[in-house]
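In: Just a sequence and a predicted model for now, questions to come.
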Amino acid sequence: MEHESVPLVTCGQADDGTEIQTPKTQLLAQHFANPPAECSGPSSNRVFYSSAQWTADGTTIITGSSDNSVSSFVLPADLLDFDSGTRQLEPQAKIKLPEPTQVIAPAPFFSLSEAASQTFLVGCRDHPLHIYHAFPDDPRSAPIGHYKLIRHETEQYIVPASLVWPYPGTHFICGSANRLDYFDVSRHGSDGPVLTVPTIPSKRHISKGHGVGMKGTVSALGVSPPDVNGHPLVAAGTWTRWMGLYDLHRSDGAVANWRISESDLPGSPDSYAGQGVVQVLWSPCGRYLIINERHADGLLVYDIRGSGRLLSVLAGRKNLSQQRLNCDVFPSSQYENGGFEVWAGSQDGSVIVWDQVGLTAAEMQPSWSWNPHNSPVCASILHKSGSVVATCSGGWEHSDVNDEYDAVDEYAAQGRSCKILEESSLKIWSLGGGVVG
């Protein structure tokens, strides 16, 4: 099979007025979530991908899907051998989880050459947080460790809504309703987190503490690159459109809190008004914070270490979905002035790219776009080399979604009333020349 090439749409210009150069893309490998027979059959027989992430060493992609499974795809070492045509990927391992999840975090020290490092964390409703080996002998293998997340008053499990496992990997952070929990990875099976940070001053009285804090489920977490003193900031976003910044090494309280307000956004009030934060992502330099909301056509860029205010809105992405359509960042390749790229999937199957982000205090239109899929793109993730990008698609159609729950949870609860879209796939693309490794 020959490589497939997808047309690119150029929609931006550089500061000097010249047209931004767009890379050539070629399809290197792909995997479809459903066999052809199931695609043409009843919707209820289909599954769809809901997430995809590179491992730290760039050798493997870990995906989550609607059938409560996590798959590990090891990419071939000769992936960029263009004489081999488009390959059909198959997962090297698949693990069945006890319940649906959107909370998966690969180890930040993951290495294909060290079996002990090949792990990921996952959080499911009514269960502890679990750590699994990515390549077990049996798909239903038990987790290799667990971490308690319970309300001590009732001993009920707390539902994890977000999870981040930053480098060097000694600790991880879990977000849930009105709280952050900080865990020591080495203390699995223990009594729980080493630190719990309430995101509101009082569970009984939100007005206590002069109203400082944010109420709502912490649905997104992101850890910044370390500052000059080696301390990173943790950004937390909620379904209720609140944001908080935390320095867990120095304080058990918030450094800053703010609510995303339509009055701060350009254009009409409904132009970029989202329905809850699904992702927070730091720029490579650690100065800017990108806020990605569900049911929002724009990504918000805040200048955290500068003015502390909204800097720009990345416009032009179609997203009227309740699904998590995650984005990614990469240092800008054409300019050495501090700008960076943002890549984001759209509801219509396209991937949108903005270049020179961070250099313009205004609404920004896309630099270029392309159409790798026919269904919502849940992930568009760049390899650390910059020469390969993975796109992952899939989704469902349903109009009634509770604002305090994730789309996958809602699908699992009311799956029979949802129509699963036919196309769901993982695709690997080349971006010009380069070597994966």
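Out: Now that the structure is in, tell me what you want to look at.

In: For the rest of this, base every contact and every neighbour count on C-alpha atoms.
Out: Fine.

In: and stretch 180-193, how far apart are its ends?
Out: Chord length of stretch 180-193, first to last residue, is 10 Å (CA to CA, to the nearest Å).

In: do the same with stretch 82-89
Out: End-to-end span of stretch 82-89 (CA to CA): 16 Å.

In: Which residue comes closest to Val301 once chain neighbours are left out?
Out: In space, and not counting its chain neighbours, Val301 is closest to Ile290: 4.6 Å by CA to CA, 6 or more residues apart in numbering.

In: Hmm, Val278 and the one you found touching each other?
Out: No: counting by CA atoms under 8 Å, Ile290 stays clear of Val278, with 11.0 Å between them.

In: Model confidence for Thr217, exactly?
Out: In this model, Thr217 is scored at 96, pLDDT.

In: Skipping adjacent residues, who's closest to it in space?
Out: Using CA to CA, 6+ apart, the closest residue to Thr217 is Ala177 (3.9 Å).

In: What strands flank the helix or strand where the residue nearest to Val301 lies, and is each parallel or antiparallel?
Out: Using DSSP states H and E, Ile290 sits within strand 288-293. In the sheet, strand 288-293 lines up against strand 277-282 (antiparallel), strand 299-303 (antiparallel) (DSSP bridges).

In: What strands line up against the helix or strand just after the shortest one, and which way round?
Out: Which is strand 299-303. Once the chain leaves strand 299-303, the next helix or strand it forms, by DSSP H and E, is strand 310-314. Partners of strand 310-314 in the sheet, by DSSP bridges, are strand 299-303 (antiparallel), strand 363-364 (parallel).

In: State the next helix or strand along the chain beyond strand 310-314.
Out: Using DSSP H and E, the first helix or strand after strand 310-314 is strand 327-331.

In: Let's test this: mean pLDDT of that following strand, rounded?
Out: Mean predicted confidence for strand 327-331 is 96.

In: Please name every helix or strand in contact with that strand.
Out: Contact here means 3 or more CA pairs under 8 Å, 6 or more residues apart in numbering; DSSP states H and E; on that basis strand 327-331 packs against strand 277-282, strand 340-345, strand 377-382.

In: give me that answer again for 6 Å
Out: On a contact count with 3 or more CA pairs under 6 Å, 6 or more residues apart in numbering; DSSP states H and E, strand 327-331 meets strand 340-345.

In: Name the nearest residue to His127, ignoring sequence neighbours.
Out: Tyr157 (6.4 Å).

In: what's the one you found in contact with, if anything?
Out: Neighbour list for Tyr157: 126, 149-150 [criterion: CA atoms under 6 Å, 6 or more residues apart in numbering].

In: Could you rerun that using 7 Å?
Out: Neighbouring residues of Tyr157 by CA atoms under 7 Å, 6 or more residues apart in numbering: 126-127, 149-151.

In: picking that back up, pretty sure the residue nearest to Thr217 is in contact with Gly216, am I right?
Out: Yes: contact criterion CA atoms under 7 Å: Ala177 and Gly216 qualify, at 5.7 Å.

In: hmm, back to that, turn the contacts of Tyr157 into CSV, including pLDDT and distance to Asp252.
Out: Below are the contacts of Tyr157 laid out as CSV (pLDDT from 0 to 100; distance: CA to CA, whole Å):
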residue, pLDDT, distance to Asp252
Asp126, 94, 27
His127, 95, 26
Leu149, 96, 18
Ile150, 95, 19
Arg151, 92, 19
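
In: most neighbours, which of those?
Out: Per-residue neighbour counts (other CA atoms under 10 Å) across the contacts of Tyr157 peak at Leu149, which has 24 neighbours.

In: which residues touch it?
Out: Shown in contact with Leu149 (CA under 7 Å, 6+ apart): 128-129, 157-158, 192.

In: Just those: which are in strands?
Out: Those of the contacts of Leu149 mapping onto strands are 129, 157, per DSSP state E.

In: end-to-end on stretch 84-91?
Out: OK, stretch 84-91 end separation, CA to CA: 19 Å.

In: Next, the buried residues of that stretch.
Out: 85-87, 89, 91 (16 or more other CA atoms under 10 Å).

In: go on, stretch 67-87?
Out: If you call a residue buried by 16+ other CA under 10 Å, then stretch 67-87 has these buried ones: 67-75, 79-80, 85-87.

In: which of these lies closest to Ser385?
Out: Lowest distance from Ser385 to those (CA to CA) belongs to Leu80, with 12.3 Å.

In: Against Trp282, how distant is that closest one?
Out: Distance of Leu80 to Trp282, computed by CA to CA: 29 Å.

In: can you pull the contacts of the nearest residue to His383 once chain neighbours are set aside?
Out: Distances taken as CA to CA, 6+ apart place Val389 nearest to His383, at 5.8 Å, with adjacent residues excluded. Each residue near Val389 by CA under 7 Å, 6+ apart is listed here: 380-383, 428-430.

In: which element is Val389 on?
Out: Val389 belongs to strand 388-393 when assigned by DSSP H and E.

In: That strand to strand 377-382, inter-axis angle?
Out: Interaxial angle of strand 388-393 relative to strand 377-382 (axes from the mean of the first three to the mean of the last three CA atoms, to 10 degrees): 170 degrees.

In: what angle do strand 388-393 and strand 340-345 make?
Out: Going by the same axes, to 10 degrees, strand 388-393 makes 30 degrees with strand 340-345.

In: quick one: average confidence on strand 388-393?
Out: The pLDDT scores in strand 388-393 average 98.

In: Tell me the strands beside it, with direction?
Out: strand 377-382 (antiparallel), strand 425-431 (antiparallel).

In: Buried deepest among those, which one?
Out: strand 377-382 (a mean of 27; mean count of other CA atoms under 10 Å).

In: Need the residue closest to the centroid of the chain.
Out: Nearest to the mean C-alpha position of the chain, counting by CA atoms, centre = their mean, stands Asn326 at 4.5 Å.

In: if we can go back for a sec, ranking the strands paired with strand 288-293 by burial, who's on top?
Out: Buried most deeply of these, by mean count of other CA under 10 Å, is strand 277-282, with a mean of 24.

In: Quick one: closest of the strands paired with strand 288-293 to Ala344.
Out: That would be, of the strands paired with strand 288-293 and by CA to CA, strand 299-303, which comes in at 9.0 Å.

In: count of neighbours near the closest residue to His231 other than its chain neighbours?
Out: Distances taken as CA to CA, 6+ apart put His249 closest to His231, at 7.0 Å, once the chain neighbours are dropped. Using other CA under 10 Å, His249 has 10 neighbouring residues.

In: Before I go, just wanted to say thanks for your time.
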